[in-house]
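Peer 1: need coordinates for the following:
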Amino acid sequence: MTHRWLDSPTHHAWLTSEALRLLDFARAARLPQGFGNLDDAGRLPRGALAETMNTARMTHSFALAHLQGVPGCKGLVEHGVAALQGPLRDAQQGGWFAHPEGHGGAGKAAYLHAFVALAASSAVVAGVVEAQALLREACEVIEQRFWSEEEGALLESFSRDWQQAEAYRGANSNMHGVEAFLALADVTGDTRWLQRALRMVQRLIMAQAAGDGYRVTEHFDAHWQPLPDYNRDNPADGFRPYGTTPGHGFEWARLLLHLEAALKRAGLPAPDALLVGARGLFDSACRHAWHADGAPGLVYTLDWQNRPVVRERLHWVHAEASATAAALLQRTGDAQYEHWYRCFWGFIAEHFIDRSHGSWHHELDPDNLPGARIWGGKPDLYHALQALLLPRLPLAPSLASALAL
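Peer 2: Numbers count the residues shown, from 1 in each chain. Reported below is the predicted structural model:
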């Protein structure tokens, strides 16, 4: 296989066309207090509320679109920044709620704060002046509340007043911490963010996953002891499922390559274990999750014997798999990653892209028909849009900064 899709103008045109289609669909998510979750037809349900996660992801995504020259997106970025500085922010105690005050739980989660930081950094790159203050505050909250220098990782969550910390450590929040820290390093010029990202990778991948066949352990207690039975009774949880999550294996693999490239770009040592780990994570996720139950696609979760637990296929898993295949192909030139890149996009095009109602189906059932056991509707732009942009960009700097070059 000598011809690479990554070098094909036609493939690039297809990626661009699909990204524009997704962006048009997502514009309808705007609410007075931020961005909400769209249903299958691209409508906001009656009584829809803004969410910090979706508002931050949409703000980041529309910033990427504005940087590409897509008209009408800067106003959406400004709207997202205003929401994150207003109704979604805790003006008394600091930090961010999951929903506007008075709706839902009032805890403060590292996962959400990582996305606020990512959104703020992208909005700054996109030229939104008000985002500078948002970025400063996000960095301060992460440094003062979530970053543990002793543990070399993010603490998971706190009560609204920051007095009660959750006795849990999670790989997912730290993974998105790595993503955010890469962007923060680019926007602030502070390489401490890269060093912190490396410490998270060293703990969760080099020390933990590498010793277990590059399967990512997701759940830990407050002393970083694995919790292999966590959520056994709730295996299909959207954020903390039982067992292993191959989609996160792909996502970690890509982030290791971005971190390697960022460290080199900054003139800092980049351990060989980053590339070794990226290869290992990708291989493990493909080997155990693809066709795991005999049908095409990547299953959501596996047990500790690598047997499928939740057999649904989620769009974000396949988006991350395709983006990681592209990153590994760019980094190594190894033809096996071209094979996987084509394989994943072929599956996405056949099963996930909804040409009738717009966007992508977010979930397929075990028969590869649209489902909603875990993710109802079509709220997520971030994963699919990034998968459409990353193959055409260098591994460093991070997305917004790369688009601004």
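Peer 1: how near is the closest residue to Val125 other than its chain neighbours to Gly42?
Peer 2: Once flanking residues are discounted, Val125 sits nearest to Ala400: 4.0 Å by C-beta to C-beta, 6 or more residues apart in numbering. Every residue, glycine included, has its C-beta placed from N, CA and C. Distance of Ala400 to Gly42, computed by C-beta to C-beta, to the nearest Å: 25 Å.
Peer 1: out of those two, which sits in the more crowded spot?
Peer 2: Ranked by neighbour count (other C-beta atoms under 10 Å), Ala400 and Gly42 place Ala400 first, with 23 against 18.
Peer 1: so that one, which state does it fall into?
Peer 2: helix (DSSP: H, G, I helix; E, B strand; the rest coil).
Peer 1: so it sits right up against Ser121, yeah?
Peer 2: Yes: contact criterion C-beta atoms under 8 Å: Ala400 and Ser121 qualify, at 6.7 Å.
Peer 1: what residues are shared contacts of these two?
Peer 2: 183, 186-187 (C-beta atoms under 8 Å, 6 or more residues apart in numbering).
Peer 1: between those residues, which is nearest His291?
Peer 2: Closest approach to His291 among those (C-beta to C-beta): Ala183, at 34.5 Å.
Peer 1: my guess is that closest one meets Ala123, correct?
Peer 2: No: under the criterion of C-beta under 8 Å, Ala183 is not in contact with Ala123, lying 10.9 Å apart.
Peer 1: which parts of the stretch 301-405 of the chain are strands?
Peer 2: Under the criterion DSSP state E, counting those that start in this stretch, the stretch 301-405 of the chain carries strands at the ranges 313-314, 363-364.
Peer 1: can you say which of those strands is nearest to Ala384?
Peer 2: strand 313-314 (11.3 Å).
Peer 1: what lines up beside that closest one in the sheet?
Peer 2: Here strand 313-314 is paired, per DSSP bridges, with strand 363-364 (antiparallel).
Peer 1: right, and Gln202 touches Gly152 too?
Peer 2: Yes: look at Gln202 against Gly152 with C-beta under 8 Å: they come within range, at 7.0 Å.
Peer 1: got the contact list for His99?
Peer 2: Counting by C-beta under 8 Å, 6+ apart, His99 makes contact with 49-52, 88.
Peer 1: pipe these into TSV and attach pLDDT, neighbour count and secondary structure per row.
Peer 2: Listed next are the contacts of His99 as TSV, based on pLDDT from 0 to 100; neighbours: other C-beta atoms under 10 Å; DSSP: H, G, I helix; E, B strand; the rest coil:
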residue	pLDDT	neighbour count	secondary structure
Leu49	94	18	coil
Ala50	96	24	coil
Glu51	94	26	coil
Thr52	96	26	helix
Leu88	96	25	coil
